[in-house]
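In: Dropping the sequence and predicted coords here.
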Amino acid sequence: MKLTIQHLYADMMNLYGDRGNVISIKKRCEWRGIGVEVVDVGLGEAIRPTGCDIFLFGGGQDREQTLLVDDLSGAKGRELAAIAEDGGVILGICGGYQLMGHYYETPEGEKLPGVGIFDMHTRPRRTDEPRLIGNVLARVRPLEGEADAVPREIVGFENHGGRTELGGGTEPLADVISGYGNNGRDGTEGARRLNSYGTYLHGSLLPKNPWLTDQLILNAIRRTNDSFELEPLDDMAEKAAFASVAGRVRSGRG
């Protein structure tokens with residue numbers, strides 16, 4: 001068994017240590033004896049799915065996002081959308097998350113088309129609106145059919161000017177407990193559809209939230225082995241770190 005981490009635009013979309021998400025997946029696979037390969041997919045390079053993949057799309061500046069639009073407007077973008085529709089595992093962070101929607105509007109008013117995985121769009125902040133910066137604590141929403149799931153929380157760091165508005169075809173990933181989230185207005189954070197996840201949370205996200213790392217791994221492997229179960233790891237240190245960060249953010253000290 002081997003899982004392939006497809007790191008999209010690794011050299012361009014890596015703000016605030018988003019490569020840590022790659023490292024987290026890789027290590028939590030290796031600790032369980034699961035083979036793992038990391039493939040960097042850059043501008044002009046085709047996606048080559050193996051059937052057991054996690055696609056990671058990190059954050060970048062407006063300039064980088066503009067450069068990616070042409071690359072995603074053709075076969076690569078269509079293939080990513082098809083992978084998502086088929087239940088493939090995709091995680092987009094900040095700028096990568098924005099490009100998973102219908103469009104991202106620049107401060108100059110240009111609408112840059114996204115891949116369309118999520119029913120959403122992102123607009124620039126207005127002159128009287130602040131940039132949304134700080135630590136975030138949010139409660140993850142269960143999907144339909146997961147009503148009995150254990151309530152989960154995630155922590156991370158956000159730093160974005162764009163305001164993301166979700167349409168009716170996409171559910172939020174989480175509800176904000178502390179922080180701003182998608183737009184600082186409606187209390188939502190991120191987006192989730194099938195096995196595609198989008199969020200504004202850096203940190204890196206996955207090292208701070210190992211349960212989410214494991215969920216991505218499990219979702220990917222079950223595409224080829226639907227009875228697969230992950231061997232538990234000793235996450236005592238990770239859980240203590242999460243509790244410490246979540247406690248500070250919840251109390252307003254984070």
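Out: Perfect, thanks for sending it. Residues are numbered from 1 along each chain as shown.

In: Can you pull the phi and psi angles for the closest residue to residue 75 other than its chain neighbours?
Out: Among residues not flanking residue 75 along the chain, residue 46 sits closest, at 7.4 Å (CB to CB, 6 or more residues apart in numbering). Glycine gets a C-beta too; all of them are placed from N, C-alpha and C. Main-chain torsions, residue 46, degrees, to the nearest 10: phi -80, psi 150.

In: pLDDT wise, what is residue 46 at?
Out: The model reports residue 46 with a pLDDT of 93.

In: got the residue ranges for the helices in this protein?
Out: In the chain, the helices defined using DSSP state H lie at 20-30, 62-72, 75-85, 95-98, 205-208, 210-221, 236-250.

In: for the record, mean pLDDT for the longest one?
Out: Averaging pLDDT along helix 236-250 gives 93.

In: go on, stretch 189-201?
Out: Rounded mean pLDDT across stretch 189-201 is 97.

In: what's the first-to-last distance across that stretch?
Out: With CA to CA, to the nearest Å as the measure, the ends of stretch 189-201 fall 9 Å from one another.

In: follow-up on the earlier one: quick one, which of the helices of the chain is nearest to residue 126?
Out: For those, distance to residue 126 was read as CB to CB. The smallest value, 15.9 Å, belongs to helix 62-72.

In: Report the buried residues of the closest one.
Out: Across helix 62-72, burial judged by 16 or more other CB atoms under 10 Å covers 62, 64-65, 68-69, 71-72.

In: so of the helices of the chain, which one's packed in deepest?
Out: The highest mean neighbour count among the helices of the chain, using mean count of other CB atoms under 10 Å, belongs to helix 95-98: a mean of 28.

In: one step back: among the buried residues of helix 62-72, which one lies nearest to residue 236?
Out: Distance to residue 236 across the buried residues of helix 62-72 (CB to CB) is lowest for residue 64, with 37.9 Å.

In: Residue 9 versus that closest one, what's the distance?
Out: In this view, residue 64 and residue 9 are 8 Å apart by CB to CB, to the nearest Å.

In: contact partners of the lowest-mean-pLDDT helix or strand in the chain?
Out: Least confident element among the helices and strands of the chain, by mean pLDDT, DSSP states H and E: helix 62-72 (a mean of 80). If you take CB atoms under 8 Å, 6 or more residues apart in numbering as the criterion, helix 62-72 is touched by 9, 12-13, 43-44, 60, 77, 80, 95, 98-99, 104, 106-107, 112-115.

In: If we use 7 Å, what do you get?
Out: 9, 12-13, 43-44, 95, 99, 104, 106, 112-113, 115 (CB atoms under 7 Å, 6 or more residues apart in numbering).

In: Any of these buried? List them.
Out: Neighbour counting over those (16+ other CB under 10 Å) leaves 9, 12-13, 95, 99, 104, 106, 112, 115 as the buried ones.

In: Spit out the contact partners of residue 120.
Out: 101-102, 164-167, 170, 191.

In: For residue 191, grab the count of nearby residues.
Out: Neighbour count for residue 191, taken as other CB atoms under 10 Å: 26.

In: what's the answer for residue 6, then?
Out: By other CB under 10 Å, 24 other residues sit near residue 6.

In: gap between the residue nearest to it when sequence neighbours are not counted and residue 127?
Out: Excluding its sequence neighbours, the residue lying closest to residue 6 (CB to CB, 6+ apart) is residue 55, at 4.6 Å. Taking CB to CB as the measure, residue 55 falls 36 Å from residue 127.

In: Likewise for residue 53?
Out: 42 Å.

In: before we move on, what about residue 164?
Out: Distance of residue 164 to residue 127, computed by CB to CB: 19 Å.

In: higher neighbour count, the two?
Out: Shown here are residue 164 and residue 127; by other CB under 10 Å, residue 164 has more neighbours (25 against 6).
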